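>>> Structure of the sequence below:
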Amino acid sequence: MKHIIRYTIPLASLIGLLTSPFVLQAQKTVDRQVRVIKPYEPSVSDAFKISILPTITDTIRIVPDFQYLIFPNPMIGAFTVDPITPARMTTSVPKLFNSHLRMGFGSYISPFAELSINTLRNENHTAGIWLRHRSSHGSMKLENNLKTYPAYNDNEAIVYGTRFWEKTALTANMGIESNRFHYYGVNPNIGAEIIKDEIRQNFLNFQTGLQLASYDTDSLNLNYNTSINYRYFQDRNNTKENGVNVKAGLQKFLRNEIVGAEFSLDYYNNTAFSDSSNTVFSFNPWISKGTNDWRMNAGFIFTNDKLGDNSRTFFYPKANFEFNIIENHLVPYVGLDGNLQINNYSTTALNNFFILPGLFVENTNNKMNLYGGIKGRLGR
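Residues are numbered from 1 along each chain as shown. Next comes the predicted model:
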């Protein structure tokens with residue numbers, strides 16, 4: 001630092017003498033002292049590195065050329081075939097018998113016999129006959145020591161057959177039923193002798209029918225089910241009834257739903273009634289939808305009941321819903337419907353033999369039936 005001061009002062013004095021002569025004349029002495037405020041600190045400016053990497057463009061391209069030499073040598077492996085036991089054809093279809101007979105005997109001289117005869121397995125047709133007899137021939141003593149006769153005799157025979165085609169089936173049946181019984185409920189206080197023939201009643205019921213149905217597994221095609229049935233009924237009092245029932249049903253898979261409709265026509269004519277003819281027509285459109293977990297059916301029933309010159313019309317709801325809590329094992333269900341119950345003479349008499357002969361019962365209007373429950377199965 002001292003060397004810098006020594007050479008700096010004479011140069012500054014020389015410049016001052018040349019430029020300011022008047023000032024030099026006025027100064028008598030020169031102050032040679034220098035005050036250093038801060039020591040000298042050298043510094044270097046920031047430098048920036050060039051980040052571009054050098055590249056070399058090679059104009060000569062070398063394509064490698066390889067040559068392979070393959071010497072094939074087959075590998076022969078030993079293969080031993082183990083003998084397989086031939087499959088044995090076993091049949092799990094139980095043997096069928098074309099007849100079945102049941103017989104029995106009970107108190108009050110009550111024999112019973114039932115015989116079924118049917119064709120064996122056949123992919124084109126099936127036919128059979130069914131016979132049954134049941135009777136009782138005893139007597140019963142009343143409190144006044146008189147005897148009454150509760151004996152009865154029931155006989156029934158049915159002949160049936162079905163012809164199968166690829167997608168349809170035709171079924172025919174014919175049957176006759178004879179019932180003979182006695183009105184043995186006599187007041188013992190009367191004391192009069194009971195004549196067996198006077199308390200006897202006979203029913204004769206003849207039925208025949210024809211059904212044609214389709215079983216097309218293709219969901220895009222229309223399936224149908226039609227039937228016609230005829231009934232003739234007569235009692236000992238010569239009360240006669242003729243009845244005809246015609247039914248038709250259609251259903252088709254449409255998108256994700258199954259839609260269908262059912263028609264029915266019932267006609268009955270009874271010689272014991274003044275308004276003897278009764279015609280009932282019903283129409284039931286419906287729709288069904290569901291999955292593996294639930295299923296729902298909804299529709300309505302339109303019914304017209306014409307008795308003689310009088311006519312009545314009814315509308316009934318018809319819906320049900322079910323769902324699987326445990327598949328096929330626990331299935332709750334609930335439903336709502338209604339119907340017109342036909343109470344023709346033959347149906348009423350066969351349900352209760354001891355009604356008044358020739359009794360007229362008006363058709364029952366079941367406005368609404370609400371039902372529900374749980375169905376399923378036990379085991380696997």
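>>> burial of T148, as a residue count?
For T148, the count of nearby residues is 18 (other C-beta atoms under 10 Å). In this view, the C-beta of every residue, glycine as well, is placed from N, C-alpha and C.
>>> right, and it touches N187 too?
No - with the criterion set as C-beta atoms under 8 Å, T148 and N187 do not qualify as a contacting pair; they are 10.6 Å apart.
>>> List the pairing partners of the helix or strand harbouring F314 within its sheet, with orientation.
Here F314 is covered by strand 310-323, with elements defined by DSSP states H and E. For strand 310-323, the pairing partners within the sheet under DSSP bridges are strand 294-307 (antiparallel), strand 331-341 (antiparallel).
>>> list the buried ones in it?
The neighbour-count check on strand 310-323 (16 or more other C-beta atoms under 10 Å) flags F314, Y316, K318, N320, F321, E322 as buried.
>>> Which residue is the nearest non-sequential neighbour of the fourth one?
Which is N320. Distance criterion C-beta to C-beta, 6 or more residues apart in numbering; nearest residue to N320, sequence neighbours excluded, is G335 at 3.3 Å.
>>> Bridging across strands, which residues link to that neighbour?
The residues listed as beta-bridge partners of G335 by DSSP bridges are N320, Y371.
>>> burial count for it?
There are 16 residues near G335, going by other C-beta under 10 Å.
>>> wait, isn't it in contact with G372?
Yes - G335 sits in contact with G372 when judged by C-beta under 8 Å, with a separation of 6.9 Å.
>>> which residues touch the residue nearest to N320?
Taking C-beta atoms under 8 Å, 6 or more residues apart in numbering as the definition of contact, the neighbours of G335 are A319, N320, F321, L370, Y371, G372.
>>> Skipping its backbone neighbours, what lies nearest the residue most central in space within the chain in space?
In the chain, the centroid-proximal residue (C-alpha atoms, centre = their mean) is R295; its distance is 5.3 Å. Take R295 and drop its neighbours on the chain: the residue closest to it by C-beta to C-beta, 6+ apart is E322, 5.7 Å away.
>>> Tell me where the model's unsure across the protein.
When residues are selected by pLDDT under 70, those of the chain lie in 1-32, 34, 36, 89-91, 190-192, 274-275, 379-380.
>>> go again using 50 as the cut-off
Low-confidence segments of the chain, defined by pLDDT under 50, span residues 1-9, 11-12, 14, 17-18, 21-26.
>>> what distance separates the strand holding F314 from the centre of its chain?
21 Å (C-alpha atoms, centre = their mean, to the nearest Å).
>>> Next up, the contacts around the nearest residue to F353 once chain neighbours are set aside.
For F353, the nearest residue in space outside its immediate sequence neighbours is F181; the separation is 5.5 Å by C-beta to C-beta, 6+ apart. Counting by C-beta under 8 Å, 6+ apart, F181 touches A151, Y152, N153, R200, Q201, F353.
>>> Now, these that are in strands?
Y152, N153, R200, Q201 (DSSP state E).
>>> any idea how far the first one lies from P111?
When distances are taken as C-beta to C-beta, to the nearest Å, Y152 and P111 turn out to be 12 Å apart.
>>> From the rest of the structure, what touches the helix or strand in which Y232 is found?
Y232 is part of strand 223-235, with elements assigned from DSSP H and E. Outside strand 223-235, the residues within contact range by C-beta under 8 Å, 6+ apart are 201-216, 240-252, 345-346, 349, 357-358.
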